[in-house]
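**Q** Pasting the sequence and the predicted coordinates here, then a few questions.
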Amino acid sequence: MSLQPVRGTHDVLPDDGRRFRTVTETGRAIAERYGYHEIATPIFEFSEVFKRTLGDTSDIVTKEMYTFTDKGGDEITLRPEGTAGVARAVISGGLSQHLPLKFFYQGPMFRYERPQKGRLRQFHQIGVELLGVAEPLGDIEVIALGAAILSELGLSAKTRLELNTLGNAPSRAAYHEVLVEYLSARRDALSEDSLVRLERNPLRILDSKDPRDRAVIADAPGFGASLDAESTDFFDAVRAGLDVLGIGYELNPLLVRGLDYYCHTAFEFTTDALGAQGAVIAGGRYDGLISTMGGPETAGVGWAAGIERLALLLDGTADPVRPIALIPLGTAAETAALPLAERLRRGGLAVDLGYRGNLKRRMNRANKINARAAVIIGDDELARNSATLRDLDSGEQTLVPFEALDDRLASIV
Ligand code: ATP
Ligand code: MG
């Protein structure tokens, strides 16, 4: 039996966990200010949910899904992303009667990819979905929400917004033709994967990370010339809204979401600080998704962000609460310390009870856990119904009656 974690998975130890929670809790709190409330869908779904929504030509479906047959014979997939599950929940729960819907989600996602910094097989995302708003205001709102979370995390200066439009369905179809013509003339320079994509889903090629494809894509025509008036107006409205909000962006004519139901706005918040794993938030408008799954025509726009990537960008770790080290010496003191520790904790203090060793050893532990103060109880103290309180920052030491401890400790932590 191997005792290594499975490749591409990791244990989230307490320091990392604090960074994770900073991202998740900030995301949730800011999302709630925008009226987005948390939804939690199952971590696995019938494989069909992802195959239908992600399309059988996507990298995720062709290469990256963790799929298995369960004991009842159902084909199950660990979710590789969050939108499909939310869309499924909207349909199966009959929630479309209550549009618009605004959801926040967070949790683990699973993709069989080549692990590297910022790229894991079990990773975590926060995300938002806005359903039932077909107007550009929806796009503006979810982008503003992403920007607000980055700002609250102190990451505005490390990230920038890239923006593009795919236009409506006719514009997309027009672009499709232009792109296929351009790429077909350069077949020889494309990767093998992209030759397949050229037949099945050429837009995906713009997403390719293969250097051969990147070279061809660099000079590919952008969407601009293929956009009709409706598409241009929509994009202009989104840009005007971002301008009003003072949210800066760069146009990236090659930024796409490769699936059929994506339309209009595509965007990414990216960073230079994580090498090739530069996308921290990625999103777009997906008006055709719910109907593709068999639900009613429903507009949708949203994004997902990689928690690990955001956590890597955070400066320092949030400091854990500094505890009080409670150090009873001897059996009688231990008996007195037990209820005292409980009482202090109920009062809101973090109390670490020292279990064994001499005073020196327990003081070392108190320093190691960065305790704010030590409360030492020996026989002498016990006889006087008091404890020795040592302030570990100043070194000052005083005798404090048990009943006065709560207030004294509360005043220094
Ligand atoms: P990439 O281009 O980096 O592969 P993607 O287009 O596959 O990203 P999305 O499916 O749009 O990513 O997911 C949204 C976000 O989730 C990404 O911007 C990234 O921050 C994060 N993410 C995606 N895949 C991984 C992974 N394997 N490990 C860690 N984070 C990931
Ligand atoms: Mg990917």
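**A** Yep, that arrived. Ligands and ions are numbered 1, 2, ... in the order given.
**Q** Over to Leu131: give its phi and psi.
**A** phi -110, psi 140 (degrees, to the nearest 10).
**Q** my guess is it meets His98, correct?
**A** No. Applying C-beta atoms under 8 Å, one finds Leu131 not in contact with His98, separated by 9.5 Å. For glycine as for every other residue, the C-beta is placed from the backbone atoms N, C-alpha and C.
**Q** So if I had to pick from the two, which one is more boxed in?
**A** Shown here are Leu131 and His98; by other C-beta atoms under 10 Å, Leu131 has more neighbours (26 against 11).
**Q** in a helix, that's where His176 is, yeah?
**A** Yes. Assessed with DSSP: H, G, I helix; E, B strand; the rest coil, His176 lies in a helix.
**Q** ok, now which ones touch Arg33?
**A** Residues in contact with Arg33 (C-beta atoms under 8 Å, 6 or more residues apart in numbering) are Ala148.
**Q** Quick check: pLDDT value at it.
**A** For Arg33, the pLDDT comes out at 98.
**Q** Quick check: it vs Asp379, distance?
**A** 55 Å (C-beta to C-beta, to the nearest Å).
**Q** How about Asp11?
**A** 43 Å.
**Q** ok, now Thr67?
**A** Counting by C-beta to C-beta - Thr67 and Asp379 are separated by 65 Å.
**Q** near ligand 1, which residues of the stretch 51-200 of the chain show up?
**A** By C-beta under 6 Å from any ligand atom, the residues of the stretch 51-200 of the chain that approach ligand 1 are Glu81, Arg111, Glu113, Gly118, Arg119, Leu120, Phe123, Gln125.
**Q** Just the closest of the residues you listed to ligand 1, please.
**A** Phe123 (3.4 Å; C-beta to the nearest ligand atom).
**Q** Find the residue ranges of the stretch 201-350 of the chain scoring beneath the pLDDT cut-off.
**A** In the predicted model, the stretch 201-350 of the chain carries pLDDT under 70 at residues 258-260.
**Q** Residue numbers of it in contact with ligand 1?
**A** Within reach of ligand 1 by C-beta under 6 Å from any ligand atom, the stretch 201-350 of the chain has these residues: Gln277, Ala279, Val280, Ala282, Ala304, Ala305, Gly306, Glu308, Arg309.
**Q** so the second one bridges to which residues?
**A** Read that as Ala279. Applying DSSP bridges to Ala279 yields these beta-bridge partners: Thr270.
**Q** Just list the residues touching it, thanks.
**A** So Ala279 contacts Glu268, Phe269, Thr270, Gly306, Arg309 (C-beta under 8 Å, 6+ apart).
**Q** Could you report the neighbour count for the residue in the chain positioned nearest to ligand 1?
**A** Of all residues in the chain, the one sitting closest to ligand 1 is Gly306 (2.5 Å; C-beta to the nearest ligand atom). The local packing of Gly306 (other C-beta under 10 Å) involves 23 other residues.
**Q** contacting residues around it?
**A** Gly118, Phe123, His124, Gln125, Gln277, Ala279, Val280.
**Q** In contact with the fourth one, which residues?
**A** Going back to what we said before, that points to Gln125. Contacts of Gln125 (C-beta under 8 Å, 6+ apart): Glu81, Gly82, Tyr105, Gln106, Gly107, Met109, Ala304, Ala305, Gly306, Ile307.
**Q** What ranges does the stretch 151-300 of the chain have for its strands?
**A** In the stretch 151-300 of the chain, the strands defined using DSSP state E, counting those that start in this stretch lie at 159-165, 250-251, 263-271, 279-285, 300-306.
**Q** For the shortest one, which helices and strands make contact with it?
**A** When contacts are defined as 3 or more C-beta pairs under 8 Å, 6 or more residues apart in numbering; DSSP states H and E, strand 250-251 sits against strand 159-165.
**Q** Kindly list the longest helix within this protein.
**A** helix 14-33 (DSSP state H).
**Q** and the angle for that one with strand 300-306?
**A** Calculated by axes from the mean of the first three to the mean of the last three C-alpha atoms, to 10 degrees, helix 14-33 forms an angle of 160 degrees with strand 300-306.
**Q** All further residue positions should be reported with the first residue as 11.
**A** Got it, the first residue is 11 from now on, which makes the last one we talked about helix 24-43.
**Q** List the buried residues for helix 24-43?
**A** Residues Arg28, Arg29, Phe30, Thr32, Val33, Thr34, Thr36, Gly37, Arg38, Ile40, Ala41 are the ones in helix 24-43 that count as buried (16 or more other C-beta atoms under 10 Å).
**Q** One more: stretch 328-345?
**A** Across stretch 328-345, burial judged by 16+ other C-beta under 10 Å covers Arg332, Pro333, Ile334, Ala335, Leu336, Ile337, Pro338, Leu339, Ala343.
**Q** if we can go back for a sec, so which of Asp21 and Asp389 has more stuff around it?
**A** The neighbour comparison of Asp21 against Asp389 (other C-beta under 10 Å) goes to Asp389, with 10 against 7.
**Q** The more buried one against Glu344, yeah?
**A** No. Asp389 lies out of contact with Glu344 (C-beta under 8 Å); the separation is 11.6 Å.
**Q** Which residues does the host helix or strand of Tyr115 contact?
**A** Element membership of Tyr115, judged by DSSP states H and E, is strand 111-120. With contact meaning C-beta under 8 Å, 6+ apart, strand 111-120 is reached by 34, 37-38, 41-42, 44-51, 53, 75-76, 88-92, 96, 100, 105, 131-142, 317.
**Q** Just the buried residues from these, in ChimeraX please.
**A** Buried members of the contacts of strand 111-120, defined by 16+ other C-beta under 10 Å, are picked up in ChimeraX with:
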select :34,37,38,41,44,46,49,51,75,76,88,89,90,91,92,96,100,105,131,132,133,134,135,136,137,138,139,140,141,142,317
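**Q** What about the contacts of strand 111-120, which are in strands?
**A** Among those, the members falling in strands (DSSP state E) are 47-48, 76, 88, 132-141.
**Q** Please enumerate the helices of the stretch 211-360 of the chain.
**A** 221-227, 239-255, 299-302, 317-323, 341-356 (DSSP state H, counting those that start in this stretch).
**Q** Select, out of the ones you listed, the one closest to Gln407.
**A** Gln407 lies closest to helix 341-356 among these, at 17.0 Å (C-beta to C-beta).
**Q** how distant is that closest one from the center of its chain?
**A** 40 Å (C-alpha atoms, centre = their mean, to the nearest Å).
**Q** which other residues reach it?
**A** By C-beta under 8 Å, 6+ apart, helix 341-356 touches 334, 336, 338, 361, 363, 387-389, 391-392, 397, 412, 415-416, 419.
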